[in-house]
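>>> no letters, just coordinates:
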């Protein structure tokens, strides 16, 4: 028997299909854990269940998978594209899912393991706190702008500036609003620091996170987010597949001899894409060879397109590092050492006899694999770069 589920917050609409595809039965159950568990007891090892990915899909999956032979979670965007219908009701949706599963034409979503799921929740929670902090800072700026008060130069929310804000002479209501917003800002800063400590603990014990942190721009907040979205890197046979999974590849419209490339698809997690773009903006200012992608594209297409292209290049590099288990070869040693030493307990940092100077020493201190010898293509590219730098230096000296 094949069961299609249309899950809502209050109830679940179910459509049961027989072996030949005939509609057998339609009914609904409550959306509570007890009701789902009671319904799942009737399932056997030959039964298949399908439902779309939504906010509580994995909780339902965990209950139903105890008794059902197979539980499939469908990608709702691709199901919508495959099974477009003029009539969309709570009864039609589960029937469509069941028929697609029966025809083996269903875009399935891979279930993340427990650690990846927990890491996704932690990264998402931190991003929510950061969004709330931005909103509170904007509220404080608005309160000052209404009174034509200019903030001091420098860090506009440092401890000194916050004390200055609390000392301002304002009307009672606006004074209360400003002080209340500052109290909220300090509380959220503490919560973000707690979330950062949790991410730091994950990165300290996870070698894959430390490998990603060797890429310029990828810090302790970005690396766990990428790992949470990627999961097992071996399920992506190529870096192009990973880039498409994260929605960083352009849309393609091709017909006959015409081919049009549009904006990026924006498939997958919006949070992970924003983390990639955030890391790319820092990477663009680094001395890494990857930064040349940003400057080359920026001259033709502008900042937004360039930083998105660099984010895609960063994902490609991350795929190679995770597949090979190697750190990044062209990382700046001082900044990389600073990032990786933040993962080492303070007492161990004090026992260090000397500060590593080369990138190999930095990776050895962080217990990362040693860099393999550069390939022939890398040696050729390095020689080309050296000759280009020499020509630039000679032309500058002559002028």
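Great, that's in hand. Not measured: the values here are computed from a predicted model.
>>> flag the shaky bits of the stretch 51-200 of the chain, pLDDT-wise.
Residue ranges of the stretch 51-200 of the chain with pLDDT under 70: 81-87.
>>> how about a cut-off of 90?
Where the stretch 51-200 of the chain drops to pLDDT under 90, the residues are 52-59, 69-70, 72-121, 146-159, 169-170, 197-200.
>>> who's in contact with residue 285?
residue 291 (C-beta atoms under 8 Å, 6 or more residues apart in numbering). Every C-beta, even on glycine, is put in place using the N, C-alpha and C of the backbone.
>>> which helix or strand contains it?
Of the helices and strands defined by DSSP states H and E, none includes residue 285.
>>> give me the pLDDT for it.
Note for residue 285: predicted pLDDT of 89.
>>> any idea how far it is from residue 332?
Distance, residue 285 to residue 332, by C-beta to C-beta, to the nearest Å: 11 Å.
>>> what's the closest non-adjacent residue to the residue nearest the centre of the chain?
The centre of the chain sits closest to residue 272, judged by C-alpha atoms, centre = their mean, with a distance of 1.9 Å. Of all residues not flanking residue 272 in the chain, residue 229 sits nearest, at 4.2 Å (C-beta to C-beta, 6 or more residues apart in numbering).
>>> and the next element down the chain from the helix or strand harbouring that neighbour?
Per DSSP H and E: residue 229 is located in helix 222-230. Next along the chain after helix 222-230, taking DSSP H and E as the criterion, comes helix 239-245.
>>> who touches that following helix?
230, 233, 236, 249, 265, 267-268, 312, 315-316, 318-320.
>>> apply 6 Å and report the result again.
236, 249, 268, 312, 315-316, 319 (C-beta atoms under 6 Å, 6 or more residues apart in numbering).
>>> hang on, the earlier thing: can you tell me the element the residue nearest to the centre of the chain falls in?
helix 270-283.
>>> how about residues contacting that helix?
For helix 270-283, using C-beta under 6 Å, 6+ apart, the contacting residues are 127, 216-218, 222, 225, 229, 246-247, 290, 307, 310-311, 314.
>>> ok, which stretches of the protein are strands?
Ranges of strands in the chain, per DSSP state E, are 2-7, 11-17, 23-30, 48-52, 70-74, 250-255, 258-264.
>>> could you dump the ones you listed to TSV with distance to residue 177?
Output for the strands of the chain, formatted as TSV (distance: least, C-beta to C-beta, whole Å):
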stretch	distance to residue 177
strand 2-7	42
strand 11-17	42
strand 23-30	44
strand 48-52	43
strand 70-74	45
strand 250-255	45
strand 258-264	40
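>>> now render these as a markdown table, adding distance to residue 113 and mean neighbour count.
Below are the strands of the chain laid out as a markdown table (distance: least, C-beta to C-beta, whole Å; neighbours: other C-beta atoms under 10 Å):
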| stretch | distance to residue 113 | mean neighbour count |
| --- | --- | --- |
| strand 2-7 | 22 | 24 |
| strand 11-17 | 25 | 20 |
| strand 23-30 | 28 | 13 |
| strand 48-52 | 20 | 23 |
| strand 70-74 | 14 | 20 |
| strand 250-255 | 31 | 10 |
| strand 258-264 | 28 | 10 |
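>>> among those strands, which is nearest residue 144?
Checking the strands of the chain against residue 144 by C-beta to C-beta gives strand 258-264 as the closest, at 37.4 Å.
>>> what angle separates that closest one from strand 250-255?
Interaxial angle of strand 258-264 relative to strand 250-255 (axes from the mean of the first three to the mean of the last three C-alpha atoms, to 10 degrees): 160 degrees.
>>> and strand 258-264, what does it pack against?
strand 250-255 (3 or more C-beta pairs under 6 Å, 6 or more residues apart in numbering; DSSP states H and E).
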